[in-house]
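J.: the following comprises the amino acid sequence and a computationally predicted model.
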Amino acid sequence: DIQLTQSPSSLSASVGDRVTVTCRATQGLSNYFAWYQQKPGKVPKLLIYAASTLQSGVPSRFSGTGSGTDFTLTISSLQPEDVATYYCQQYNSVPLTFGGGTKVEIK
Amino acid sequence: EGQLVESGGGLVQPGGSLKLSCAASGFMFSGSGIHWVRQASGKGLEWVGRIRSKGKNYATGYAESVKGRFTVSRDDSENTAYLQMDSLKTEDSAVYYCTRYDDTATISGLDYWGRGTLVTVSS
């Protein structure tokens, strides 16, 4: 099974800050890799798929990069509505797996 | 806009069974893979299993933690997917989400999610 390790597990940043979340896989992936946002008490939402493709309707301050075993989610200018837990996911092979999550808060 | 609605959750004793349903609307169900993802209280997301579309031979796959106990199925005529859960354990207690993957796309993500249904396994 492919394991995904996200870091950090939590972070606190100021409005307007650039925020970066990383995800490392135990095996090399193709670009079957996604990022999800889950706001408190809400359903997960697809942000980015294919490692770097922004899902329709997602603000352009979100971006994804990476390949192989290392992937990154960047929020270019953190907004109050971005308070959430972010999960990475690989769908390169079954079983699909999620990272442990990164909780993003406003300082 | 696609919509998924889960039902069938509830309280069940350890060793018992439960069957969840996922009713879809607003998108081409027959061309979609349906995944089940669960989330225990205060914990992260855990992928449970999936069934692909007819075009992908209805291929199924499961997490190791549920393999042999859970079965995913679908009825394209009813636009509904199912998760049959047998030999339930206390650690299966979670909110269960169904979500879809567009099997007709070159590549996609899990783009539509239901609101989830709560399963509690307890004596």
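T.: Sure, I can see it. Numbers count the residues shown, from 1 in each chain, chains lettered A, B, ... in the order given.

J.: for chain B, which residues are neighbours of chain A?
T.: Within reach of chain A by C-beta under 8 Å from any C-beta of the partner chain, chain B has these residues: B:35, B:37, B:44-47, B:50, B:61-64, B:97, B:99, B:101, B:107-111, B:113-116. To be clear about C-beta, it is placed using only N, CA and C from the backbone, and glycine gets the same treatment.

J.: now the buried members of those.
T.: For the residues of chain B next to chain A, a burial check counting by 16 or more other C-beta atoms under 10 Å in any protein chain shown picks out B:35, B:37, B:45-47, B:50, B:61-63, B:97, B:99, B:101, B:107-111, B:113-114, B:116.

J.: any idea how far A:Val94 lies from chain B?
T.: When distance is defined by C-beta to the nearest C-beta, to the nearest Å, A:Val94 is 4 Å away from chain B.

J.: okay, now that residue: neighbour count?
T.: Taking other C-beta atoms under 10 Å in any protein chain shown as the neighbour definition, A:Val94 ends up with a count of 16.

J.: ok, so what distance separates it from A:Phe71?
T.: Counting by C-beta to C-beta, to the nearest Å, the gap between A:Val94 and A:Phe71 amounts to 19 Å.

J.: what do you get for A:Thr20?
T.: Distance of A:Thr20 to A:Phe71, computed by C-beta to C-beta: 11 Å.

J.: looking at these two, which one has more neighbours?
T.: In terms of neighbours (other C-beta under 10 Å), A:Phe71 is the more surrounded of A:Thr20 and A:Phe71; the figures are 27 against 16.

J.: need the contact list for the more buried one.
T.: When contacts are counted by C-beta atoms under 8 Å, 6 or more residues apart in numbering or on different chains, A:Phe71 touches A:Thr22, A:Cys23, A:Arg24, A:Ala25, A:Phe33, A:Ala51, A:Gly64, A:Thr65, A:Cys88.

J.: tell me which helix or strand the residue nearest to B:Ala94 when sequence neighbours are not counted sits in.
T.: With sequence-adjacent residues excluded and distances taken as C-beta to C-beta, 6 or more residues apart in numbering or on different chains, B:Ala94 is closest to B:Arg38, at 3.9 Å. With elements taken from DSSP states H and E, the one containing B:Arg38 is strand B:32-39.

J.: helices or strands up against that strand?
T.: Here strand B:32-39 is seen to pack against strand B:18-25, strand B:46-51, strand B:70-75, strand B:94-102 when contacts are counted using 3 or more C-beta pairs under 8 Å, 6 or more residues apart in numbering or on different chains; DSSP states H and E.

J.: what pairs with the residue positioned nearest the centre of chain A across the strands?
T.: With the centre of chain A defined as its mean C-alpha position, the nearest residue by C-alpha atoms, centre = their mean is A:Trp35, 3.8 Å away. For A:Trp35, the residues forming beta bridges with it (DSSP bridges) are A:Ile48, A:Cys88.

J.: show me what contacts it?
T.: Shown in contact with A:Trp35 (C-beta under 8 Å, 6+ apart): A:Leu46, A:Leu47, A:Ile48, A:Phe62, A:Gly64, A:Leu73, A:Tyr86, A:Tyr87, A:Cys88, A:Gln89.

J.: CSV for the residues you listed, including neighbour count and pLDDT?
T.: As requested, these are exported to CSV (neighbours: other C-beta atoms under 10 Å in any protein chain shown; pLDDT from 0 to 100):
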residue, neighbour count, pLDDT
A:Leu46, 22, 98
A:Leu47, 22, 98
A:Ile48, 23, 98
A:Phe62, 19, 98
A:Gly64, 23, 98
A:Leu73, 26, 98
A:Tyr86, 24, 98
A:Tyr87, 25, 98
A:Cys88, 29, 98
A:Gln89, 24, 98
